[in-house]
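K.L.:
What would the 3D arrangement of this be:
(chains A and B)
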Amino acid sequence: MTETANPFAAIAALIDGALEALEAEGALPPELDRRAVTVEPPRDPAHGDMATNAAMALAKPAGTNPRALAGLLAPKLAEDPRIVMAEVAGPGFINLRLAPSVWFGAVSAALAAGPDFGRGAPKGRRVNVEYVSANPTGPLHVGHARGAIFGDALAGLLEFAGWDVTREYYINDAGAQVDVLARSAHFRYQEAHGRAVEIAPGLYPGDYLAPVGVAMKAVFGDTLLDRPEAEWLPVVRDFAITAMMSMIREDLAALGVTMDRFQSEAALAAEGKVEAALARLSEQGLIYQGVLEPPKGKTPEDWEPREQTLFRSTAYGDDVDRPVKKSDGGWTYFAPDIAYHFDKVSRGYDLLIDVFGADHGGYVSRMKAVVAALSERKTPLDVKLVQLVKLFRNGEPFKMSKRAGDFVTLRDLVEQVGPDVARFTMLMRKNDAPLDFDFAKALEQSKDNPVWYVQYANARAHSVLRSGAEAGITEAAIMAADLASLTHEGWIEIAKKVAEWPRLMEMAAESHEPHRVAFYLFDLAGAFHALWNRAREEEALRFLQAGDEAGAPARLAMAKAVSVAISAGLGILGVTPVTEMR
RNA sequence: GCACCCGUAGCUCAGCUGGAUAGAGCGCUGCCCUCCGAAGGCAGAGGCCAGGGGUUCGAAUCCCUUCGGGUGCGCCA
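P.N.:
Coordinates of the predicted model:
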């Protein structure tokens, strides 16, 4: 991203240069650590356009006081033509006011870049984002939808920021739960042959398996009927898993989520990856035979001490060591996960991200421990926990029960509100905060609904651009317009908001928080609507003004820039920008 | 009992990785508008940032602790 597009980066560079100069003059000691120096918009706009804490951050290591250092730095900054004012304030802030041309420069950069406005230069670094990873035993539900939306938006955000991103789904196709799936499907298979069967307790009762039974009849005829379970189970299991995964892919597609890679647990196990990963930990002396203490205060009734194979996760910050083998010698759930993360580590990523449901919070520290051990602390792992979704309709919560099979599926959600509304609404919340999702409110067409509000801003911008086109104002004229003619402070406010986008996107990507993009868009839309409303009173703020056709291209350029920023942001979130309201 | 997450306006939530007088929407109160550039606009009231202690120039933000809510805690995945 160029400095023209991101004024904050440009001014940060300016400050850096000024500090170099002070250093050369001997006013600052050499080789100070400047990482704590920031440039950001002050909370109170009266303080200026940008503020830097440089003097406060460097005063102590430089052996001086903040205001004195600021007094040296501010005049140097003021020499630059882009700086209209640089003054020392408060405990040692330097407040900067910038020439409007700086903001309009960002607007021009936005117009030139189009949907790529703010996109980061390729970093040459690879990140793996694993999300959804639901068991292949049934359709995705609303909770999965949130994880899918969050993970996908995070992946999109990192991609936009310049990462090389792999979107990955881990298929738990090797545990006991897929045997249960197979038995459930076999009942449906018998049913397809006209037998009246009761689905045994403990199996999956959902109707979604009925078509699988019918399909199996078509493929296998009656060859799997009346045979010992040991003979049909592997066949039925594979068939059912394939069917479930294709259903899950369709569910994800309905939300607009496409994975780059599906990694099968069974395939890893078949390749001996579990043994290989455990051997690797063993070489490091991290595997041992031991007996775990029972949880204090809440000892299970049937607790008795047992010797198990344990992973020394406490060596990497976990609270207790974790079992990798059950007392009967079989692997625990953790073991294949170790193998899977070993596989990811050995694929050479610079960063791993796991998106888990909140109920997997207990696994975070052991996964971090194992990745640290397997990568010799070289590959960072960030685990994002996505909290529960509570569903409402007109303020009334409605219950769902997985046992009764009447839980709300992802497909129900998408069919009722559409992928765009589902995505944006769920991204208006931090991942680690619980989410109330109200079907009625999500579809409401009013200022109270952020999705509608942002889409409406984009539609308004497009509406005025269409009117401009009808009046003969060409795209070329808009692109070539001289924005210096926009002197009203209302235009400059909008230009500032647009100019914030590249910096905001970078921060959101850095902190792995896509919700910040959604909030920015809400904010930008608010600023745009506010300008629009002001124009009722102040004709100078109207995009199209009778009698001033010459100034129209510059004003329409502002509408286009807003639309460009909204489109770029919505693109990251996987939401389609609309150009007209219906 | 322990670990992790959370606690900010009456409600639902932001708060830019430690900055200046803590913000938005809803709700409430008061004005204005009903101009299709429509599906409202402007303004106001409302806060001990759960409580207490600490770190420092400076804390909603970091550390400790108490309280309250959520999630999880070997042979389920």
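
K.L.:
Okay, domains of chain A per the record?
P.N.:
Domain assignment for chain A, taken from automatic domain parsing, gives A:7-98, A:104-120+A:446-573.

K.L.:
residues from the stretch 401-550 of chain A in reach of RNA strand B?
P.N.:
A:428-430, A:432-436, A:445-448, A:456, A:459-460, A:463-464, A:467, A:507, A:510-513, A:515-516, A:519, A:526, A:529-530, A:532-533, A:535-536, A:541-545 (CB under 7 Å from any atom of the strand). Any C-beta I mention is one placed from the backbone N, CA and C, and that applies to glycine too.

K.L.:
Just the buried residues from those, in ChimeraX please.
P.N.:
Typed into ChimeraX, the line below selects the buried ones among those, using 16 or more other CB atoms under 10 Å:
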select /A:428,429,430,435,456,459,460,463,464,512,513,515,516,519,526,529,532,541,542,543,544
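
K.L.:
Now mean pLDDT too, for the domains of chain A, in a markdown table please.
P.N.:
Formatted as a markdown table, the domains of chain A follow (pLDDT from 0 to 100):
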| stretch | mean pLDDT |
| --- | --- |
| domain A:7-98 | 90 |
| domain A:104-120+A:446-573 | 93 |
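
K.L.:
what's the pLDDT at the residue in chain A sticking out farthest from the centre?
P.N.:
Note on chain A: the largest C-alpha distance from the chain mean falls to A:D226, namely 49.3 Å (CA atoms, centre = their mean). pLDDT for A:D226: 93.

K.L.:
Next: A:K402.
P.N.:
50.

K.L.:
Ok, the one 5 residues further on next?
P.N.:
Each residue has a pLDDT score; the one for A:F407 is 66.

K.L.:
again with the one 5 residues further on
P.N.:
The score at A:D412 is 90. That number is its pLDDT.

K.L.:
how deep is it tucked in, by neighbour count?
P.N.:
Burial measure for A:D412: 17 neighbouring residues, criterion other CB atoms under 10 Å.

K.L.:
State the helix or strand in which it lies.
P.N.:
Using DSSP states H and E, A:D412 maps to helix A:410-427.

K.L.:
Show me the contact partners of that helix.
P.N.:
A:139-142, A:144-146, A:148-150, A:153, A:251, A:254-256, A:389, A:435, A:437, A:439, A:442-443, A:450-451, A:454-455, A:514-515, A:517-518, A:570, A:573-576 (CB atoms under 8 Å, 6 or more residues apart in numbering).

K.L.:
In that helix, which residues are buried?
P.N.:
By 16+ other CB under 10 Å, the buried positions in helix A:410-427 come out as A:410-414, A:417-427.

K.L.:
What separation do you get for the residue nearest the centre of chain A and RNA strand B?
P.N.:
When CA atoms, centre = their mean is applied to chain A, the residue found nearest the centroid is A:L154 (2.1 Å). Per CB to the nearest atom of the strand, to the nearest Å, A:L154 is found 12 Å from RNA strand B.

K.L.:
Then A:G571?
P.N.:
Distance from A:G571 to RNA strand B, counting by CB to the nearest atom of the strand: 21 Å.

K.L.:
Now that residue: closest residue in space that isn't a chain neighbour?
P.N.:
A:P115 (6.0 Å; CB to CB, 6 or more residues apart in numbering).

K.L.:
what does A:G156 give?
P.N.:
What sits nearest to A:G156 in space, not counting adjacent residues and going by CB to CB, 6+ apart, is A:I572, at 4.6 Å.

K.L.:
mind listing what that neighbour touches?
P.N.:
A:I572 touches A:153, A:156-157, A:160, A:505, A:514, A:517, counting by CB under 8 Å, 6+ apart.

K.L.:
now swap in A:K384 and tell me
P.N.:
A:K384 touches A:150-151, A:154, A:353-356, A:431-432, A:512, counting by CB under 8 Å, 6+ apart.

K.L.:
The longest helix along chain A to helix A:410-427, inter-axis angle?
P.N.:
The residue-count maximum for a helix in chain A (DSSP state H) belongs to helix A:229-255. For helix A:229-255 against helix A:410-427, the angle by axes from the mean of the first three to the mean of the last three CA atoms, to 10 degrees is 50 degrees.

K.L.:
Pairing partners for whichever helix or strand comes after helix A:229-255, with directions?
P.N.:
As assigned by DSSP H and E, the chain's next helix or strand after helix A:229-255 is strand A:261-264. Its sheet considered, strand A:261-264 pairs with strand A:164-171 (parallel) by DSSP bridges.

K.L.:
roughly how far is the strand it pairs with from the heart of the chain?
P.N.:
Here strand A:164-171 is found 13 Å from its chain centre; the criterion is CA atoms, centre = their mean, to the nearest Å.

K.L.:
That strand vs RNA strand B: in contact?
P.N.:
No. Using CB under 7 Å from any atom of the strand, strand A:164-171 stays clear of RNA strand B, coming no nearer than 9.8 Å.

K.L.:
And the buried residues of helix A:410-427, which is closest to A:A176?
P.N.:
Using CB to CB, A:L410 is the member of the buried residues of helix A:410-427 that lies nearest A:A176, at 24.5 Å.

K.L.:
now the contacts of A:I572: which count as buried?
P.N.:
Counted by 16+ other CB under 10 Å, those give A:153, A:156-157, A:160, A:505, A:514, A:517 as buried.

K.L.:
mind listing which of those are in helices?
P.N.:
A:153, A:156-157, A:160, A:505, A:517.

K.L.:
Kindly reformat those residues as CSV containing distance to A:R366.
P.N.:
Output for these, formatted as CSV (distance: CB to CB, whole Å):
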residue, distance to A:R366
A:A153, 27
A:G156, 29
A:L157, 27
A:F160, 32
A:M505, 33
A:V517, 31
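
K.L.:
and the two most separated of the residues you listed?
P.N.:
A:A153 and A:M505, at 12.2 Å, using CB to CB across those.

K.L.:
Common neighbours of those two, please.
P.N.:
A:517, A:572.

K.L.:
tell me the SS of A:T309?
P.N.:
Under DSSP: H, G, I helix; E, B strand; the rest coil, the three-state class of A:T309 is strand.

K.L.:
Let me know whether it touches A:L286 as I believe.
P.N.:
No. Applying CB atoms under 8 Å, one finds A:T309 not in contact with A:L286, separated by 11.1 Å.

K.L.:
List the residues that are in contact with both of the two.
P.N.:
Contacts common to A:T309 and A:L286, judged by CB under 8 Å, 6+ apart, are absent.

K.L.:
near RNA strand B, which residues of the stretch 1-150 of chain A?
P.N.:
Going by CB under 7 Å from any atom of the strand, the residues of the stretch 1-150 of chain A near RNA strand B are A:38, A:40-44, A:46-48, A:51, A:53, A:56-57, A:60, A:66, A:89-93, A:95, A:135.
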